[in-house]
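> I would like to see how this sequence folds:
(3 chains)
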Amino acid sequence: MAKKKQDLFTYDGQIQINYRWSVGQAGERFFTELRDHKRIMGARCRKCSRIMVPPRIFCEECFVQDMEWVEVEPKGTLVTFGDSYFSTDGKRLKDPWMLGIVRFNGSDGGLIHFIGEARPEDLKIGMPMEVVFNDKREGNIFDIKYFRPAKK
Amino acid sequence: MKDRVCIIGIGVVEPPEAAVDLSHKELLFQATRQAMDEAGIERGDINGAITTSYDFLEGRSLSNQYTLDSIGGVMKPCDLRLGDDGIYSLFAGFMEVLADPSLIIVVGSVQKASERDPQGLGFQKLIADSMEPAFSKPLCRSVPGLLGLEAVLAAMEARAFMERTGLTEEDLAAVAVKNLKNVQPGRKKKGPDLKGVLGSELLSWPIRQATKARESDAACALIMTSERRAGRLSEQPVFVDGVGWSSDHGHFFLREHGRARETLMAARQAYCMAGLRRPDQEIDLAEISDWYAHRELMHCEALGFCEAQDLARCLDEGVFEKDGPLPVNVSGGLLGRGNAIGTSGLIRVAQVARQLQGRANGSQVPGAKVGLAHSWSGPPVATAGVAVLSRW
Amino acid sequence: MARRVAIVGVGMQKYEFHKIQTIEEMIFEVALDALERSKLSREDIEAVVFGGAVDAMCGIHNSDKVAIAASGGLLKPTMRNSTSGSTAISTPILGYDHVASGLYDIVMVLCYEKMSENESAQKVFSTVYDEVFVRPIGLNVPIQCSLEARAYLHRYGITERQMAKVSVKNRGNALSNPYAQLPMKLTVEDVLASPYLSWPVKLLDTSPVTDGARAVILASEDVARTITDDPVWVRGVGRGADSVWFMGRKNYDLGRLDYAYLAGKQAYDMAGIKNPMTEVDYAEVYDPFTYKEMQHCEALGLCPEGGAGRMIDEGVSLKNGPLPVNASGGLMGEGNPIGAGMSRLCWSYLQIKGEAGDCQVPKEVNTAVTNGWGGMYQYNAVMVIGRD
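As a prediction, this is how the structure comes out:
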């Protein structure tokens, strides 16, 4: 944002609106299973057999609403990742935080989440990863704590 | 005979620094007036006006309400605003003129990055805000440093791209060096060299301060009409031969990272319309999105300028340099000029049009006959548009 | 040159105050419905046009992007239009441009809005106002409407009683509409007794806040004739817009919608209609408030200027009247998810085809007109559709 010049009028303001978003029909099932059973659910299109994660009520390829719920192994491959040393207060962090996309084995699509128990130099695109669940789960994406390189 | 679509007036306002003294309405008016002057028309000649803007970027819902006066749209058929980058107003104008060749249409867009958030978090917050709310938004909003989110997402696609193509950090830096050098004509300060770029602040490997475009203020307006009217109104119309636009998955986690499929599909459509078979040979210059240095290369591949395995060689041989066989971003691109998010795509069209008119002061590509303008809407979406223009 | 464009299918879903579906899921439902009704498949769709008016309502910037795949538009040309309430009709007009230009033969138009997830629709609406001159003063939608309604009533002598009759009509019509959010059996006294939001606008003069989506499939003449032997053409389109500076307009008061008359004339000229009162069979006009339906009837030439009060008094616009207006229930009865006001176009189409179910009007319908309105008393988009 530009600096305020002495001789100019400006008006400062912000838009602060709170929201309560629905997770949708597919989200309802996904987060219930995640919270109650530590299960990752995918949706399999009965027409093309694709298993989608995150699950949706429709297959956008076949364009039909003919899905069945399947459990997906909480393991997959690292599609890509990135690291950052930025923190909220602008100070440089000692250890970076990392986000990655993991495609679960046997499924299409993936989830984006934090990567933990690793340093950026340990990570390689295509390496096997696994989910670490939170002990305390509430039915949202943070029921997954992070992905970590799969332990043998 | 098919009546081709033409641009008969171009207006670009790119203030060298933040335009705090002008309102967004005033900025857009100046661009529109410039374009109208070049086209030799007055407000009474305008048959319609189309704008683009993003409410959240402006901090104004229904931001279309505010541009209509500036674009000559009062009491005109002006009820069309696209929530996409500026180049989309060209696409809509293109369709309107094709449907009715008697029309003169104004298309325009304005962006005032300087009005957003003091900590510079404005656009970064929007990246998380544009995600679907169940799986991606909560996560992206909760990252320890929101200012780092854009770079991390950019890094994710850059890493995938580099993994697939074998390109290195040096290759990405070479793009930045080229564009920062291209914007120099007439400027005293020299652009950084390779070492300078690689030494700039690391945001998220391989994204660096110097390989990511900074935001800027700008406004752009174009006047469009059919060939039959263009000849009588303007001395130097520019043909719009082909347009194309496309969107890949909106969800970040569903995409094939490192491959600009949206650009590929948009280009395919535009080339087909323009009758181009070998874009790498038939295009004389291109202004494409270099929001990040790696994106310029992804788009060169997707636009058919060069295969992935040849990108490094093309860079080494200077194929995309100002004096090379296919100059890319001779204007300096977004890296060089700044990124007026939401308007910059239309500015690329203006830059190419100026080249085809022979009026690209200081950066003219000699004998330019066919040019390509490209726009990518930025993270986290995968939406792109392409326009192929040619000389009158 | 412009090719002829037909509507070949519509996609509907229930309008509700709160739908648990995400925007993506809502869009999929209506897109699929439209494909099924027109017997087309996702592969047939060549381009997609989205219409969503206010991102701050759903809290998602660039909201159409979450529904790219759900729309059938993955890796296809997609575009998003957003012009406040007139999005309802300006979006299908953009879709019309896609086909009339010759670029595409089959286009899917999808309008949507989710208004239930923000903390307060009024708070969201406040972000609409000019941040320097208007927002700090605290203008809100009820007062904004009372400024206009007061000017309208004053200029033409319209009464609150006449406004109330429009509410009774529309909410009553909605009882036959399976997708309606707020069907109600009302009397004029019920409406007059409802609390004032800002004079003369009362609670029962207004439409609700709604979640919902609609789809329309447009096709070129050649393609339309392979899908149906009874195509419904887009016969005329019109767009009108006025300055954001409403404080001092050429039309010195807000009671007369000059920009709407402009849009209506443009659409009728294109459709070759000289006397809408006799040549238009049916109308679905934008009625976020009762007085707006009245203003739009006048601006669209469905009754003489200033004559909307008489129009409702004489029962002209009733379901079984000579020129029925909003037999679906309109926004008031069916629901008002801003961008998805395209439902007005969908119902006009269904009435022409004789597929409006219990909402079907008894008279024959060949030509219909619809409109959308929005902005700071600024926009009006009009579409005339019908058989040859």
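
> going forward, measure contacts and count neighbours with C-alpha atoms only.
Noted.

> now stretch A:132-139: average pLDDT?
Average pLDDT, stretch A:132-139: 95.

> and that stretch, what's buried?
By neighbour count on 16 or more other Cα atoms under 10 Å in any protein chain shown, the buried set for stretch A:132-139 is A:132-133, A:137, A:139.

> can you check stretch A:66-80 too?
Within stretch A:66-80, the residues scored as buried using 16+ other Cα under 10 Å are A:67, A:69, A:72-80.

> which residues touch that stretch?
A:39-47, A:51, A:57-59, A:100-107, A:124-131, A:150, B:156-157, B:159-160, B:257 (Cα atoms under 8 Å, 6 or more residues apart in numbering or on different chains).

> could you give the bridge partners of the closest residue to chain C within the stretch 201-350 of chain B?
Using Cα to the nearest Cα, the closest approach of the stretch 201-350 of chain B to chain C is made by B:Ser246 at 4.1 Å. Note on B:Ser246: beta-bridge partners by DSSP bridges are B:Ala384.

> so it makes contact with B:Ala270?
No: checked against Cα atoms under 8 Å, the pair B:Ser246 and B:Ala270 is beyond contact range at 10.7 Å.

> so how far is chain A from B:Arg391?
39 Å (Cα to the nearest Cα, to the nearest Å).

> now B:Tyr211, nearest residue through space, not along the chain?
In this structure residue B:211 is Thr, not Tyr. For B:Thr211, ignoring the flanking residues on the chain, the nearest one in space by Cα to Cα, 6 or more residues apart in numbering or on different chains is B:Ala293 at 5.1 Å.

> distance check, that neighbour against B:Asn179.
9 Å (Cα to Cα, to the nearest Å).

> any idea which helix or strand in the chain has the lowest mean pLDDT?
Just going to use chain A. Ranking every helix and strand in chain A by mean pLDDT, DSSP states H and E puts strand A:108-109 at the bottom, with a mean of 80.

> not quite, I wanted chain B
Scanning chain B with mean pLDDT, DSSP H and E, the lowest is helix B:122-129, at a mean of 83.

> chain center to the helix or strand just after that one: distance?
Of the helices and strands lying after helix B:122-129 in sequence (DSSP states H and E), the nearest is helix B:137-141. In terms of Cα atoms, centre = their mean, to the nearest Å, the centre of helix B:137-141 is set 27 Å apart from its chain centre.

> and helix B:137-141 with chain A, contact?
Yes: for helix B:137-141, a contact with chain A is found by Cα under 8 Å from any Cα of the partner chain, at B:138-139.

> export that helix as CSV, just CAs?
The C-alpha coordinates for helix B:137-141 follow below in CSV (Å, rounded to 0.1, in the frame of the first residue of the first chain):
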residue,chain,number,x,y,z
LYS,B,137,-8.7,-22.6,2.6
PRO,B,138,-8.5,-23.5,6.2
LEU,B,139,-5.0,-24.8,5.7
CYS,B,140,-3.7,-22.0,3.6
ARG,B,141,-5.1,-19.4,5.9
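
> now for the least confident helix or strand of chain B, which elements pack on it?
On a contact count with 3 or more Cα pairs under 8 Å, 6 or more residues apart in numbering or on different chains; DSSP states H and E, helix B:122-129 meets helix B:55-58, helix B:137-141, helix B:149-165.

> tell me which of those sits most buried.
helix B:149-165 (a mean of 23; mean count of other Cα atoms under 10 Å in any protein chain shown).

> which strands or helices does it pack on?
Against helix B:149-165 (3+ Cα pairs under 8 Å, 6+ apart) you get strand A:75-86, strand A:92-104, helix B:122-129, strand B:202-204, strand B:207-208, helix B:293-302.

> pick out the shakiest of the ones you listed, pLDDT-wise.
Among the helices and strands packed on helix B:149-165, helix B:122-129 scores lowest, at a mean of 83.

> can you name the residues in contact with it?
By Cα under 8 Å, 6+ apart, the surrounding residues in contact with helix B:122-129 are B:56-57, B:116, B:136-137, B:140-141, B:146-147, B:149-150, B:379-380, C:59-61.

> mind doing that once more with 10 Å?
Identification of contacts with helix B:122-129 by Cα atoms under 10 Å, 6 or more residues apart in numbering or on different chains yields A:1, B:56-59, B:113-117, B:121, B:136-143, B:146-151, B:153, B:215, B:341, B:378-381, C:59-63.
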